[in-house]
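K.L.:
after the sequence you'll find the predicted model.
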Amino acid sequence: MGEIKLTDVNKSYGSVHVLKDINLHIKDGEFVVFVGPSGCGKSTLLRTIAGLEKITAGEIQIDRKRVNETSAADRGLAMVFQSYALYPHMSVRQNLAFGLENSSMPKAEITERIGEAARMLEIDQYLDRRPGQLSGGQRQRVAIGRAIVRRPTAFLLDEPLSNLDAELRVSTRAEIAALHTRIGSTMIYVTHDQVEAMTLAHRIVVMRAGKIEQVGTPLDLYNEPANRFVAGFIGAPHMNFLKAEVAAVELGTVTLTIGGGHKLLVPLSGHKLKVGDKVTVGIRPQHITLAADPGSLTVKTRLVEALGSETVIHADLHGEKLLAVVQGQKQIGSGDEVHFSVAGAPLHLFDENGLRVKSA
Amino acid sequence: MTSTTTSSHLGALLMAPVNALMRVVDIPLRGLQKSTGIGGMAAFFLAPNMLIFGIFVLLPLFINIVYSTTGGTAFFLSERSFVGTEQYQRLFTCTNYLDPMSCQEDAFWTAVGNTFWFVVLQVALMILVSLVTALILNRDLIGRSFWRAVFFFPVLLSPVVVGLIWKWILQRQGLLNFILYEIGNVTPYTWLTDRNWTFIATIGVSIWAHMGLYTLILLAGLQAIPKDLYEAAEMDGTKPARVFWRITLPLLAPNLLVVVVLALIKAVQIFDEVYVLTGGGPGTSTLYLTQYIYETGFASALRNPGLAAAASILMGLVLVVLTLMQLGLGRKNENKGKR
Ligand SMILES: Nc1ncnc2c1ncn2[C@@H]1O[C@H](COP(=O)(O)OP(=O)(O)O)[C@@H](O)[C@H]1O
Ligand SMILES: [Mg+2]
């Protein structure tokens, strides 16, 4: 079992309020990723769950038992630290055994567990080396191995891939996903990289400045971001945001005016928008296409990046930046005038407070 | 803003004469470099230091070796007669090698014995006390920097001041007896005339005077141990004692070795504080090697500079061994840092 429930969790360091009213219910066996910009409180949240930090208010439950007062050791969780935190003077084997020896586990079982984890992580050859004699990727595996041998109810991983180079990061990411499938325990994974979050998570928790902005599956967040922050954070390159004004409201459709007097039709019903309301319209770069007719958005390109399979166009729409990623190779130069079309593109509407204007 | 500009103005003002001087000095230095090359300049700038080192360290060392081969009470080398290894032989002349009192120079062997026990006990206690202090100061306690300063402060005192302070505390009508009398109505005790107490006092006082340095070195070592190692141990439910023996101590070992060797070197050389505090007494109970050398060579009525020189060279050999150990350790740590 590895069900974790946070209720109104708050954490302050003196006058610094780091976590604000965190509510989250993580189901047994779920892979949850905390994502957000640096300093938003992801690590702190993970550490409060681990029991390494005391919370100032609220309640943490593991498997329906309140653990606020339970020590880190007795919560039955294992943590993989960003720096790996391997004991440098011990061999890999001793590193793996250290935690198990605390609970006076029989020697035979310790050996068996180490053997099993070492095989799973393919670190059997290195068991007698010290961490200093291993590469970054190998150390990373040992750190994960140290968590696995404890057979915890849940794994807590704090940016485990951030010290690896780009290539290794991608392969290790896949291995972590495979490991989760194999072990089936709850995993909470912290990262500031939204691609890691999208590829690994069952559910993503987007955080900003100590608050949870949105919780949902990767595609939920991509398709229906709850606010401008989430919309901008999830997806690469970032979503375009254009200032717009409501020009007309009809049944099931809202007409917007954007820079240069262009009109956009947004299918939307059950909203409270009135003519004259100021809104922001969000368009993902991948949803913009090139058009032939001058009736669509006419923009001036500032920079064109040809990546082979796709072309990234940085354009200027009446003083607002607009980025488009179009498929294939295009004969466009910087400074050219081109026509963009957003016909059929999902348009995201955000009100003056940055909150999504929902369709009922 | 304003304060930085004023201070930079002040700086410019102070630098003006220096700059003027440099401009004058610059001309001959440039000429010198042209004629001697860069290497010659290095020698030129090193020369004053080498000269001082030569006059005050190498020359006395050499003269001391010569003295140890001469006899008589005269100070001037020209008035002294060559005796070969007679002084060394005298130090090692004993009827029974297991009993220092049977030796011709029983005071030397008493001093060696005293110094040996002093070094062993003082260094052992020093490590223990400074390690415990460093462990405490490494915690999040209130006024941490204040306490660090408090423990380091005695290191800055002159040894003579240290001796005087403790004499004032330990003498018969001193502070300690006063306090004991006031709180416990204890009869005043003569701490500095009891053989056992004076030996303990010299150990205690020298620890008090030097522990700050060692505490600081150990504290630096403790702070260099990554915090997350302790957090990993906490997640595993490691008991504090096991954390100390299995994590803290092994990772602190390089610093501990440095401290042991430094403390050994310092302890062998113990003199000033003890000389002021006990004068080596009562009897010869706190007579240590350096004091024996000093008294034999300069202070006693039947002074014997040759014998003192021979004793000091024997002591020097011990220190050379310890210093080589220290250099070896330093090099090992340096290599570790590079890897
Ligand atoms: N021990 C501490 N004392 C004071 N502030 C802290 C402490 N630890 C973290 N913080 C603050 O809490 C905020 C969140 O930190 P952290 O959880 O490490 O962010 P993240 O992991 O998302 O980058 C930061 O603004 C940081 O400065
Ligand atoms: Mg972090």
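P.N.:
Thanks, I have the structure now. Residues are numbered from 1 along each chain as shown, chains lettered A, B, ... in the order given. Ligands and ions are numbered 1, 2, ... in the order given.
K.L.:
residue A:12 is in contact with residue A:18, correct?
P.N.:
Yes: at 6.4 Å, residue A:18 counts as touching residue A:12 under the criterion of C-beta atoms under 8 Å. All C-beta atoms are positioned from the backbone trio N, CA, C, and that covers glycine.
K.L.:
comparing these two, which shows the higher neighbour count?
P.N.:
It is residue A:18, of residue A:18 and residue A:12, that has more neighbours when counted by other C-beta atoms under 10 Å in any protein chain shown, with 19 against 14.
K.L.:
what about the more buried one, which SS state?
P.N.:
With DSSP: H, G, I helix; E, B strand; the rest coil as the basis, residue A:18 sits in strand.
K.L.:
who are the contact partners of it?
P.N.:
A:11, A:12, A:41, A:44, A:210 (C-beta atoms under 8 Å, 6 or more residues apart in numbering or on different chains).
K.L.:
list residues touching both of residue A:18 and residue A:12?
P.N.:
Common neighbours of residue A:18 and residue A:12, using C-beta under 8 Å, 6+ apart, do not exist here.
K.L.:
most widely separated two among the contacts of residue A:18?
P.N.:
A:12 and A:41 (11.1 Å; C-beta to C-beta).
K.L.:
quick one: secondary structure of residue A:213?
P.N.:
strand.
K.L.:
once you drop chain neighbours, what's closest to it?
P.N.:
What sits nearest to residue A:213 in space, not counting adjacent residues and going by C-beta to C-beta, 6 or more residues apart in numbering or on different chains, is residue A:206, at 4.5 Å.
K.L.:
with just CA atoms, put the helix or strand containing the one you found into PDB.
P.N.:
Assigned by DSSP states H and E, residue A:206 falls within strand A:203-208. Output in PDB follows, covering the C-alpha atoms of strand A:203-208 (Å, rounded to 0.1, in the frame of the first residue of the first chain):
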ATOM      1  CA  ARG A 203      -0.800  12.600 -12.900                       C
ATOM      2  CA  ILE A 204       1.100  15.900 -12.800                       C
ATOM      3  CA  VAL A 205       1.000  18.400 -10.000                       C
ATOM      4  CA  VAL A 206       2.000  21.800 -11.300                       C
ATOM      5  CA  MET A 207       3.200  24.100  -8.600                       C
ATOM      6  CA  ARG A 208       4.000  27.800  -8.400                       C
END
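K.L.:
skipping its backbone neighbours, what lies nearest whatever residue of the stretch 101-250 of chain B ends up closest to chain A in space?
P.N.:
Using C-beta to the nearest C-beta, the single residue of the stretch 101-250 of chain B nearest to chain A is residue B:237, 2.8 Å away. Spatial nearest neighbour of residue B:237, excluding adjacent residues (C-beta to C-beta, 6+ apart): residue A:73 at 2.8 Å.
K.L.:
from residue B:185, how far out is the one you found?
P.N.:
Residue A:73 sits at a distance of 50 Å from residue B:185 (criterion: C-beta to C-beta, to the nearest Å).
K.L.:
which of those two has more residues huddled nearby?
P.N.:
Remark: of residue A:73 and residue B:185, residue A:73 carries more neighbours, 18 against 7, as counted by other C-beta under 10 Å.
K.L.:
surely that one meets residue B:239?
P.N.:
No: counting by C-beta under 8 Å, residue A:73 stays clear of residue B:239, with 9.8 Å between them.
K.L.:
mind listing the strands for chain B?
P.N.:
B:70-71, B:81-82 (DSSP state E).
K.L.:
quick one, grab the pLDDT at residue A:124.
P.N.:
Here the pLDDT value assigned to residue A:124 is 91.
K.L.:
what's the nearest residue to residue B:154 once chain neighbours are set aside in contact with, if anything?
P.N.:
Ranked by C-beta to C-beta, 6+ apart and with sequence neighbours excluded, the top spatial neighbour of residue B:154 is residue B:209, at 5.0 Å. Counting by C-beta under 8 Å, 6+ apart, residue B:209 touches B:154, B:155, B:157, B:159, B:162, B:273.
K.L.:
for residue B:209, give its distance to residue B:221.
P.N.:
21 Å.
K.L.:
quick one: least confident helix or strand in chain B?
P.N.:
Least confident helix or strand, chain B: helix B:175-184 with a mean of 79, by mean pLDDT, DSSP states H and E.
K.L.:
now do the SS call for residue A:25.
P.N.:
Classified using three-state DSSP, residue A:25 is strand.
K.L.:
what are the phi and psi angles of the spatially closest residue to it that is not a sequence neighbour?
P.N.:
Spatially, and ignoring its direct neighbours in sequence, residue A:25 is nearest to residue A:5 (5.0 Å; C-beta to C-beta, 6+ apart). When read as degrees, to the nearest 10, the backbone of residue A:5 gives phi -130, psi 130.
K.L.:
thought residue A:126 was touching residue A:137?
P.N.:
No: counting by C-beta under 8 Å, residue A:126 does not reach residue A:137; the two are 11.2 Å apart.
K.L.:
what about these two, which has more around it?
P.N.:
With other C-beta under 10 Å as the criterion, residue A:126 and residue A:137 differ in neighbour count, and residue A:126 comes out ahead with 21 against 17.
K.L.:
what number of residues lie near the nearest residue to that one once chain neighbours are set aside?
P.N.:
Nearest non-adjacent residue to residue A:126, counting by C-beta to C-beta, 6+ apart: residue A:92, 5.3 Å away. Neighbour count for residue A:92, taken as other C-beta under 10 Å: 28.
K.L.:
list the contacts of residue A:92.
P.N.:
Here residue A:92 is in contact with A:123, A:126, A:127, A:128, A:129, A:130, A:131, A:134, A:142, A:145 (C-beta under 8 Å, 6+ apart).
K.L.:
which among these end up buried?
P.N.:
Among those, those scoring as buried are A:123, A:126, A:127, A:130, A:131, A:134, A:142, A:145 (criterion: 16 or more other C-beta atoms under 10 Å in any protein chain shown).
K.L.:
what about the residue lying closest to the third one once chain neighbours are set aside, how many neighbours?
P.N.:
If I follow you right, that is residue A:127. Closest residue to residue A:127 apart from its sequence neighbours, by C-beta to C-beta, 6+ apart: residue A:93 at 4.4 Å. By the criterion of other C-beta under 10 Å, residue A:93 has 19 neighbours.
K.L.:
equivalent analysis for residue A:35, please.
P.N.:
26.
K.L.:
mind giving me JSON lines with the contacts of residue A:92 and columns for secondary structure?
P.N.:
Putting the contacts of residue A:92 into JSON lines (three-state DSSP) gives the following:
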{"residue": "A:123", "secondary structure": "coil"}
{"residue": "A:126", "secondary structure": "helix"}
{"residue": "A:127", "secondary structure": "coil"}
{"residue": "A:128", "secondary structure": "coil"}
{"residue": "A:129", "secondary structure": "coil"}
{"residue": "A:130", "secondary structure": "coil"}
{"residue": "A:131", "secondary structure": "helix"}
{"residue": "A:134", "secondary structure": "coil"}
{"residue": "A:142", "secondary structure": "helix"}
{"residue": "A:145", "secondary structure": "helix"}
